[in-house]
Each structure stands twice: as structure tokens, then as C-alpha cells.
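Asks: below is the sequence, then the predicted model.
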Amino acid sequence: MPSPPFQMSSPLHGTERRSQFTYRQLNLLASYSTSSPLRVVAHIDLDAFYAQCEMVRLGVAEDQPLAVQQWQGLIAVNYPARAFGIGRHCTVTDAKKLCPGLLAQHVATWKEGDDRWAYHEDAASQIGTHKVSLDPYRLQSRKIMTLIKESLPPDLQKVEKASIDEVFLDLSAQVHSILLQRFPELSRPSLADDPSERLPPPPITALDWQADALVDLEDAEAEADDPDWDDVAILIGSEIVRDIRANIRRTLRYTCSAGIAGNKMLSKLGSGYRKPNQQTVIRNRAVKRFLSDMKFTKIRNLGGKLGEQIVSAFHTEAIEDLLLAPVEQMKRNLGDHTGVWLYNTIRGTDATEVNSRTQIKSMLSAKSFRPSVNNYEQAVKWLRIFAADIFSRLVEEGVLENRRRPKTISLHHRHDGQTRSRQSSIPQGKTLDEATLFELAKSLLSQITQEGRAWPCANLSLSVGGFEDGITGNRGIGDFLLKGPGVHESGEAPRDASVELSAHERPEKKRRVDNPGIQRFFPRKRGSSGGDDEGNIDVGMADTGKAQIETRGTSPKRTGSNPKPMTDYMCTRCDAGLVDAEALQSHLDWHFARDLQEEERGRQTFARSHAGAPRGQRFVAAPSSSRKSARGSASGKNKLEQGQSRLKFG
Ligand code: CTP
Ligand code: CA
Ligand code: CA
């Protein structure tokens, strides 16, 4: 048995001392209410995740420097290798100079003609004929996810997979139940009591935080204050997380870091605060101090364009400075919604719910070509791999047993700065197989190539979506994308559950909505960067060692005097920069959703003047050079052909 986490004081019967919290607030904890000041949320993030997957798979020593290689670049670096100064920015050659003992393991790849991915010895030199597979990491991710869920009481858990290597846990209900068990005085003696009555104080004078990194308080006085129930609640949360982490370590051999706090934003900042293999507790009383030292660009949703916009409006990156700005000024600069959101966020307020949905909504397989693909036959070879890739993931989703199946298939093709997309429905009725996917993909490609010049092609991506449960069947397309696709770390302020924004209030106009129908793709809740989408984004690494889906430097349209900051993950369709592969996946899902919406709209328009709609609707994304003006113009100004819609990018 671990030592008791509390030091009990003698009961204080008859004294005036009360907790600052009420019975009502305690009860709110049981229902995961985001308004309970006793709320406990944890964020767990695996340390150097892909690198750890390889270490575990290969059974290498814990102190062995290891990096995961993709072509000539690195996509994950373990902590022993980081000690040599190796980072994701390094090429393999540079990294080996820094640490000759480095083990550089190439990611698994699909080789043309193979029906499954494998670890190929020569993969690094096969960028032209292989495609990266992240399946091994997804598999480990699922195992970890399952273990986390098994570590929690089935009826008192709320787990949100936020990306391939991280989860949020709302521990409130479990903490509530433990509080009542350990402190029977918290059960209200009679229902006749006033719920606004304050709780008795915790019978505790000191809490044992074990090895947790505790965020310091502003002054010694605050530390001297007796703990209140929010401290006790967060301590219980921290015990739960410590057990989960130990369980992951013991069972699957992975280390992870965690943050435990009163909301999602703070817990996520906490998990990154001390790495690897540590957990950080941010007590409510420590929030102010914790945030004041920090740059706001570290906060979820503030890493991207919104963050830049705020920096240029307020001339600072420091939260401390921003705290001096009145809410009115923020509203003026950023719009009412975002202004208020920012004002609250930098004060540590975040009422976002942990959202326990975990079903896959879409799958994508893509590759950027360096050099470009120059003809139909070459492209078809890739489609074969994409189809095999997606199909193998569909099998895991239960497509063979008809548990779930996708309804739509979509192909995006990039040529000369322009992305063309075609979609069609996947015939229902018979069991879906790889050959069908391949045939559909080829047919979509033919439609695109018949439309005009298609070569050279810089990027191809195949995706399936509109998943339906085979047994219950018949869910509408509005169900397929439950997550807010625009809400990712590229920088849009999340929306409140109850607030619908008008386009002009948004810091980025990614979600310009001129048809209320699209609203169903933007749920009235905040999402996370990665969600639980399945994706297999193949980030082509050129010999620069920089991951390039599409880098600005290589595109003639995007050179010039005003280069935007480069991220490793660029959307090939709209130039958005995303923080990681998962965020990019989420972003591409958003495009996919938009396409479907456009398709629906296109179909309606088409149906008005033609008998029967074509099988695959055509969507042409404006080239980046013309996109700016499209953005600025009111919707619907540019004439489109019948059945054709221009995607509106933000
Ligand atoms: N990833 C990537 N490229 C990025 C960001 C992330 O390929 N630009 C992959 C990494 O390989 C990584 C996984 O996504 O293993 C999770 O990313 P993240 O949590 O940001 O980094 P880790 O490598 O896990 O390192 P850390 O210990 O800092 O969490
Ligand atoms: Ca990580
Ligand atoms: Ca992560």
C-alpha cells in the first residue's frame, strides 16, 4: 500500500473554519459539469512517441539514442538522442555527426505491389516507390488507449483521444466518488440542507504530492494556506494518473508525461511542462503564477495564425503583458467572441468539455511527390497503394464483418498549385473490398485527367468518409464528421457551446459559412487538434531533411517578399500550416467535409437544370494566387459552371 497521501489534522469541531466550496459545487463534480470549481482534468502525452514505439518494438536499451527516420529526415527523436542536440529539424547525416551511436530507424513503408506495409531496409532511398505507413504507431496508440480505459472505472470515465499520442481524461466523477468514500463528512446529512452551504474544511494540513512536479505559487503565504477541497480533488486526480502511467509503463513499456489541472487547457500545458516521464500538477491556486511566466503561443489554439495576429496587435508574446490589456481592447482587435475567449484563456479559464467520442470518421492516404508524377500510369500505381492502405485500415474497423463502412470516396489531385477533387459514393450492398476501392479511385482519377492538364502532379490523396454502422445503418452524412474540423492548432479560437459566430468575427476565415447547411459539420463544441481520425499522411521528405507536404519555398506562387512562417505540415489545398500530422489530418477532414457539402449543394444546383447528376461532382480549388481575392470577396460573386463550386478557403 502506498503511504497515505494526506496528513490528517485533529478534527476542528465547533470552529468557524469552512471550505470555500459548497455542497452544490461538490455535486456538480459527479456530473462532469464544467462549471464545478472542483473539476479535475488530466492530459497524458507519450514521450517521443514514434521513437518509443521503435524502441519497444526493437527491444533496445532505454539509454540508446534513437530517432525515427523518414527518408532523409527525422520525425521523432528519443530523449537520450535529444541530449546530443538532435531534434526533428536535423537530417540523418547531421544527427549522426552529433551522435555517431544514434540508431536511426526508418518508418515502415508500403512498397508498390505489396499488400501490406513492412519495415524495409532500403526504405530511405525509395522515396519514389514507397509510401510511409504510420500503422505501427496507430496500433500502439490503440493499445495504450485501451489500457487507459481499462485502468479507469467503466462507469466513471470520460476519455478523449486528442491525437495519436495524447488523451484528455475528465476525472471529475471518479474523484467525486473517491472523495465521498474517503471523507464521509462530505455526504450531506440531509436533503433538507441548503446546497449553497459551504463544505466542512478538509481535515488535512498537508498533502503528499509524491514525485509530482508542483507548480509554484506566487507567494509563500498562499502555500501556507490550508488546502481546500480543490487541492484534495486534484491530488486524487494526480494519484489516478500516476497509477495509469505506471500501468502503461508496466504493461506496454511506454513512458508518458501528464498534466493535472482544473481544465483541458491547463492540463495540456502541464503535460508539456516537464518531460519525459513526469507529471505536473497545476493547483487552482498556482494557475496565475504558472501562466504569468508563459508565452501565450504555447496555449492550444494560439500556436498558429491567431497567435501571430495577437502578437502583432499587442506587440508581445508574454501572457504577463497581455493580462494588462482590457477585455474591450481584445474585443476591438479580435472580435467579440475571440476577444472574450482570449481574455479568459490567459487567465486560465477554459470550460471545454472532455469529449469521449472515439470513433473514426474518415481515413486518408496521401503522398506528395518529389519528383512529380508525370502520367496516369504512374499515378495509378500510387492509387493501388492508397487503396491497399485504406482497405487494411477498414478491415480493422470491421468492414469485413459489416460493422462499419464508409459511404464516400474522394480523390484530391494537385497540379500547378491547383487542387482538383472528385468524389463518388461507394456502392452499398456487397462487402467492400480493395479492388472496388482501387477501381473507384481510378475512375475518379480518370475524371480529373479528362478535365484538363493534370501533369505533373505534386500530390495525390485518397480518402473515405461518411462512415455508417453496418448494423444500425442509415446515418446521415451530417454524422460522419462530429468534430469541429476547423478547430485545430493552426490557430482558430474555439467557439463556445452556445455561441455561433458570424464570419467577420473570426480571426481566420477558414470557416466562412454562407450556407447554414454546413453548420452541421461544425459541432457546437470544441474539438482538439488531432481527434481520433485515422490518417496516413505521407510527408514527403526532400533531401533538405525538412518534412514537406508542400513547402512554400518550392512553390513559385508563394515566393516573394512576404514569406509566411513555414511549418513542417502544410496543407496542399489551402496553404494552411499545421503543427503535426494529426492536425493536418484533421484539417484535411475539414476539407473533405466541405467538399461533401459543396457536392450536396452542387447536386442541388445541377439537378435544377439537368436530368440526373454526374457520378462524381467536380470541385476546383482556386489556385493560391487567386485565393486571396476570393477570400476577400463576398460569397457567390465569382461565376461558376453548373455543378461546380469553388471551395472557399480561409
Ligand atoms: N510528429 C511528427 N511531426 C511533427 C509533430 C509530431 O511526425 N511535426 C509525430 C512524432 O513523430 C511524434 C508524434 O507525432 O512521435 C507525437 O508528437 P509530439 O507529441 O508532438 O512529439 P513527441 O515525439 O511525442 O515528443 P514529446 O516527448 O515532446 O511529446
Ligand atoms: Ca508526445
Ligand atoms: Ca502529442
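Replies: Great, that's in hand. Ligands and ions are numbered 1, 2, ... in the order given.
Asks: where's the residue in the stretch 201-350 of the chain positioned nearest to ligand 1 relative to residue 202, distance?
Replies: Closest contact between the stretch 201-350 of the chain and ligand 1, by Cβ to the nearest ligand atom, is at residue 275 (5.1 Å). Where you see a C-beta, it was placed from the backbone N, CA and C, and this is true even at glycine. When distance is defined by Cβ to Cβ, to the nearest Å, residue 275 is 31 Å away from residue 202.
Asks: do residue 76 as well
Replies: Counting by Cβ to Cβ, the gap from residue 76 to residue 202 is 42 Å.
Asks: next: residue 330.
Replies: 37 Å.
Asks: poorly predicted segments of this structure, please.
Replies: Within the chain, the stretches with pLDDT under 70 are 1-16, 189-193, 220-222, 224, 357-359, 470-650.
Asks: sort out which residues of the lengthiest strand in it are buried, please.
Replies: Looking across the chain with DSSP state E, the single longest strand is strand 363-373. Neighbour counts using 16 or more other Cβ atoms under 10 Å place 363, 364, 365, 366, 367, 368, 369, 370, 373 of strand 363-373 among the buried residues.
Asks: circling back: give me the more crowded residue out of residue 275 and residue 202.
Replies: More crowded of residue 275 and residue 202, by other Cβ atoms under 10 Å: residue 202, with 24 against 16.
Asks: just the closest residue of the stretch 301-450 of the chain to ligand 2, please.
Replies: The minimum distance from the stretch 301-450 of the chain to ligand 2, using Cβ to the ion, falls at residue 303 (15.0 Å).
Asks: what is the burial count for that residue?
Replies: 23.
Asks: I'd like the numbering to begin with 251 instead of 1 from here.
Replies: With the count now opening at 251, the last piece we talked about shows up as residue 553.
Asks: ok, it touching residue 547?
Replies: Yes. Between residue 553 and residue 547 there is a contact under Cβ atoms under 8 Å: 5.7 Å.
Asks: quick one: residue 619 from ligand 3, how far?
Replies: From residue 619 across to ligand 3, the span is 28 Å (Cβ to the ion, to the nearest Å).
Asks: these two touch, right, that residue and residue 708?
Replies: Yes. Between residue 619 and residue 708 a contact is recorded at 5.8 Å, counting by Cβ under 8 Å.
Asks: now the strands for the stretch 501-650 of the chain?
Replies: Taking DSSP state E, counting those that start in this stretch as the criterion, the stretch 501-650 of the chain contains strands spanning 506-511, 529-531, 613-623.
Asks: what's near enough to touch residue 425?
Replies: 279, 288, 290, 483, 486, 487, 490 (Cβ atoms under 8 Å, 6 or more residues apart in numbering).
Asks: pull out the buried residues from these.
Replies: Counted by 16+ other Cβ under 10 Å, the contacts of residue 425 give 279, 288, 290, 483, 486, 487, 490 as buried.
Asks: rewinding a little: mind picking the two most distant members of the buried residues of strand 613-623?
Replies: 613 and 620 (23.9 Å; Cβ to Cβ).
Asks: near residue 366, how many other residues are there?
Replies: 12.
Asks: ok, now residue 420?
Replies: By other Cβ under 10 Å, 26 other residues sit near residue 420.
Asks: same question, residue 376
Replies: 15.
Asks: make TSV out of the strands of the stretch 501-650 of the chain and add distance to residue 589.
Replies: Putting these into TSV (distance: least, Cβ to Cβ, whole Å) gives the following:
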stretch	distance to residue 589
strand 506-511	24
strand 529-531	29
strand 613-623	35
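Asks: right, and those - which one's nearest residue 661?
Replies: strand 613-623 (10.1 Å).
Asks: so what does that closest one touch, helix or strand wise?
Replies: Other helices and strands packing on strand 613-623, by 3 or more Cβ pairs under 8 Å, 6 or more residues apart in numbering; DSSP states H and E, are helix 626-646, strand 707-715, strand 786-788, helix 831-859.
Asks: can I get it in CSV? Just the C-alpha atoms.
Replies: The C-alpha coordinates for strand 613-623 follow below in CSV (Å, rounded to 0.1, in the frame of the first residue of the first chain):
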residue,chain,number,x,y,z
MET,A,613,-9.4,7.7,-43.4
LEU,A,614,-6.9,9.2,-45.7
SER,A,615,-3.9,8.0,-47.6
ALA,A,616,-1.8,10.6,-49.4
LYS,A,617,1.6,11.3,-50.9
SER,A,618,3.4,14.3,-52.0
PHE,A,619,5.6,13.6,-55.0
ARG,A,620,9.2,14.7,-55.3
PRO,A,621,9.8,14.5,-58.2
SER,A,622,6.3,14.9,-59.5
VAL,A,623,4.3,12.1,-61.0
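Asks: show me where the stretch 351-500 of the chain has helices.
Replies: 385-401, 422-432, 470-474, 479-502 (DSSP state H, counting those that start in this stretch).
Asks: is residue 430 in contact with residue 424, as I believe?
Replies: No. Between residue 430 and residue 424 there is no contact under Cβ under 8 Å: 11.1 Å.
Asks: the more surrounded of these two?
Replies: Of the pair residue 430 and residue 424, residue 424 is the one with more neighbours under other Cβ under 10 Å, namely 22 against 15.
Asks: not counting its neighbours along the chain, what's nearest the more buried one?
Replies: Nearest non-adjacent residue to residue 424, counting by Cβ to Cβ, 6 or more residues apart in numbering: residue 406, 4.3 Å away.
Asks: what helices or strands is the helix or strand harbouring residue 662 leaning on?
Replies: Element membership for residue 662, per DSSP states H and E: strand 658-665. For strand 658-665, the contact count by 3+ Cβ pairs under 8 Å, 6+ apart identifies strand 668-675, helix 684-700, strand 707-715, helix 831-859 as packing neighbours.
Asks: what lines up beside it in the sheet?
Replies: strand 668-675 (antiparallel), strand 707-715 (antiparallel) (DSSP bridges).
Asks: deepest in the core, which of these is it.
Replies: Each of these was scored by mean neighbour count; the highest is strand 707-715, a mean of 26, by mean count of other Cβ atoms under 10 Å.
Asks: also compute the angle for that one relative to helix 684-700, please.
Replies: Counting by axes from the mean of the first three to the mean of the last three Cα atoms, to 10 degrees, strand 707-715 lies at 130 degrees to helix 684-700.
Asks: count the residues that sit near residue 639.
Replies: The local packing of residue 639 (other Cβ under 10 Å) involves 28 other residues.
Asks: how about the closest residue to it other than its chain neighbours, what does it touch?
Replies: Leaving aside its sequence neighbours, residue 639 sits nearest to residue 615 (Cβ to Cβ, 6+ apart; 4.3 Å). Counting by Cβ under 8 Å, 6+ apart, residue 615 makes contact with 381, 635, 636, 639, 640, 711, 712, 713, 786, 788.
Asks: now residue 435: how far from residue 476?
Replies: Noted for residue 435: a distance of 16 Å to residue 476, by Cβ to Cβ.
Asks: on that earlier part again, ok, what's across the strand from the residue nearest to residue 639?
Replies: Per DSSP bridges, the residues bridged to residue 615 are residue 712, residue 786.
Asks: wait, doesn't residue 296 sit right on residue 506?
Replies: Yes. With contacts defined as Cβ under 8 Å, residue 296 counts as touching residue 506 at a distance of 4.6 Å.
Asks: what number of residues lie near the residue nearest to residue 424?
Replies: Residue 406 has 17 neighbours, counted by other Cβ under 10 Å.
Asks: so it makes contact with residue 420?
Replies: No. Using Cβ under 8 Å, residue 406 makes no contact with residue 420, being 9.9 Å away.
Asks: kindly report the residues of this protein close to ligand 3.
Replies: The interface of the chain toward ligand 3, taken as Cβ under 5 Å from the ion, is made up of 295, 415, 416.
Asks: residue ranges of each domain in this structure, please.
Replies: The chain breaks down into these domains under automatic domain parsing: 270-545, 550-595, 612-719+746-756+776-795+841-871.
Asks: thanks again, I'm all set now.
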